[in-house]
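Peer 1: I need the structure of the sequence given here:
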Amino acid sequence: MATILAKGARVRLAGSAGRLGRWVALHLQERRRKRAGTGTVLPAVPAAPTDLVAEDHAGAQVGLSWSDLAGDQQGFRVYRSVDGDGYGVWQTLDASSTWVDDADVFVGHLYSYYVVAFNAAGESAPSNVAQLVLGG
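Peer 2: Numbers count the residues shown, from 1 in each chain. Just a heads-up that it's a prediction; the model follows:
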């Protein structure tokens, strides 16, 4: 059975389906910009961060670091999932950030993260996903 959504409807997807959903949204946004034909050059979304790494810091916090390939971002959003329960925005950071520590963690839980850069045009594609079981 197929579900038909109204034009402009938003759907929140989890995990890899969520990343695919964001890619589709960005792709459609780009197509709309090209069709607008206004002659105005609209800003593009920034390049995606890369090389996201999560490290266990003595079982007390998760250290995240990534490479910034964009020069036109307004900042970064870090998305987090705990024990596979779906991703949500965990932190919004300034444009010069390339690392952050998560101290709101507990030993034995699976923490998964990805990072996007953002500007007025929207969010970049997501970085790779970094995961770890704290204290594991």
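
Peer 1: please count neighbours and contacts with C-alpha atoms only from this point.
Peer 2: Noted.

Peer 1: contacts made by the longest strand seen in the chain with the rest, please.
Peer 2: Longest strand of the chain, by residue count under DSSP state E: strand 110-119. Contacts to strand 110-119, defined as Cα atoms under 8 Å, 6 or more residues apart in numbering, come from residues 45-49, 52, 54, 70, 72-84, 123-134.

Peer 1: just the buried ones from those residues?
Peer 2: With neighbours counted using 16 or more other Cα atoms under 10 Å, the contacts of strand 110-119 contain these buried positions: 45-49, 52, 54, 70, 72-82, 123-134.

Peer 1: all helices for the chain, in order.
Peer 2: Taking DSSP state H as the test, the helices found in the chain are 15-36.

Peer 1: so where is it shaky, pLDDT-wise?
Peer 2: 1-41, 136 (pLDDT under 70).

Peer 1: what's the neighbour count on residue 104?
Peer 2: 8 (other Cα atoms under 10 Å).

Peer 1: what residues are up against it?
Peer 2: residue 61.

Peer 1: can you check residue 61 too?
Peer 2: With Cα under 8 Å, 6+ apart, residue 61 has these contacts: 101, 102, 103, 104, 105, 134.

Peer 1: these into JSON lines, with extra columns for distance to residue 60?
Peer 2: Formatted as JSON lines, those follow (distance: Cα to Cα, whole Å):
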{"residue": "101", "distance to residue 60": "10"}
{"residue": "102", "distance to residue 60": "9"}
{"residue": "103", "distance to residue 60": "7"}
{"residue": "104", "distance to residue 60": "9"}
{"residue": "105", "distance to residue 60": "7"}
{"residue": "134", "distance to residue 60": "8"}
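
Peer 1: show me the residues you listed that map onto strands.
Peer 2: Counting by DSSP E, the contacts of residue 61 place 101, 102 in strands.
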